[in-house]
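Engineer: Take this sequence and fold it.
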Amino acid sequence: MRRRSGSKFCMLLLVLAATPVLAQQVLPDVNVTAPKWEERRGGYLISSNFQVDPRMSAVVFPAEPFQKDDILSVRPTRMKDDEYFVLQECISNDCLQAQILRVFTAHGALGISAHQQDRVSIPHEGKFFMWMQRFPMSGFSSHAFTGYEQFSPPMVLNPTGTAEQFHATDVKAAQERGPEKVISSDHDGSSFVLRFEGGTVILVQRMHAIE
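Structural biologist: Modelled structure (predicted):
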């Protein structure tokens, strides 16, 4: 009986030893050309490596800090007229003061006449982050704000516009409510897909020229 058990044990060891060899046969078929969430296209390395801050569900930031000459691509879908997607940068070590680099709306970027309004060239390394502010307007005669103050505390958008626009909007109440929350986020290939409370979807990408 002992010899038979020993024989079965030896056979089991032979099977286990052969298993890795069989598994290795499929490895050469795997073709990894770039890190996860990246692709190379049109002379650019394109990445969706962004994250939503787990402590503040309204804040989006690059998982690896932006570098000089990076390009941020922002493509809104189903964005409402009273929504503003903001790219902001800390300009002090404690981040009590920040600078707004771009504000995207349903009709393009505010104050930008460039052909590709969905792209922003990053001027230098720094702490950059993105978020969405909504300024509901009463009545149908008022149009969305068309300007903003460049410098403000983080997560604060101070719009500029006409007296009629400010009469139709409670800016202070909207700022106190804070930014719109991200209800879901997904990596869809090289695009990071953000879905907000109001139904708006925004795709963001990070691009860098391949040397």
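
Engineer: What is the burial count for residue 188?
Structural biologist: Residue 188 sits with 10 neighbouring residues when counted by other Cβ atoms under 10 Å. In this view, the C-beta of every residue, glycine as well, is placed from N, C-alpha and C.

Engineer: Just list the residues touching the closest residue to it other than its chain neighbours, thanks.
Structural biologist: Closest residue in space to residue 188, ignoring its immediate chain neighbours: residue 48 at 7.2 Å, by Cβ to Cβ, 6 or more residues apart in numbering. Counting by Cβ atoms under 8 Å, 6 or more residues apart in numbering, residue 48 makes contact with 37-38, 187-192, 204-206.

Engineer: Walk me through the regions of the protein where pLDDT falls short of the threshold, as ranges.
Structural biologist: 1-35, 114-115, 140-142 (pLDDT under 70).

Engineer: and if we set it to 50?
Structural biologist: Within the chain, the stretches with pLDDT under 50 are 1-5, 8-32.

Engineer: can you give me the helices in it?
Structural biologist: 2-24, 163-168, 171-177 (DSSP state H).

Engineer: and residue 150, how far is that from residue 86?
Structural biologist: Taking Cβ to Cβ, to the nearest Å as the criterion, residue 150 is separated from residue 86 by 12 Å.

Engineer: do the same with residue 68
Structural biologist: Here residue 68 is placed at a distance of 21 Å from residue 86 (Cβ to Cβ).

Engineer: so what's the closest residue to residue 71 other than its chain neighbours bridging to?
Structural biologist: What sits nearest to residue 71 in space, not counting adjacent residues and going by Cβ to Cβ, 6+ apart, is residue 207, at 4.1 Å. In this structure, residue 207 bridges to residue 46, residue 71 when assessed by DSSP bridges.

Engineer: Nice, that's everything, thank you.
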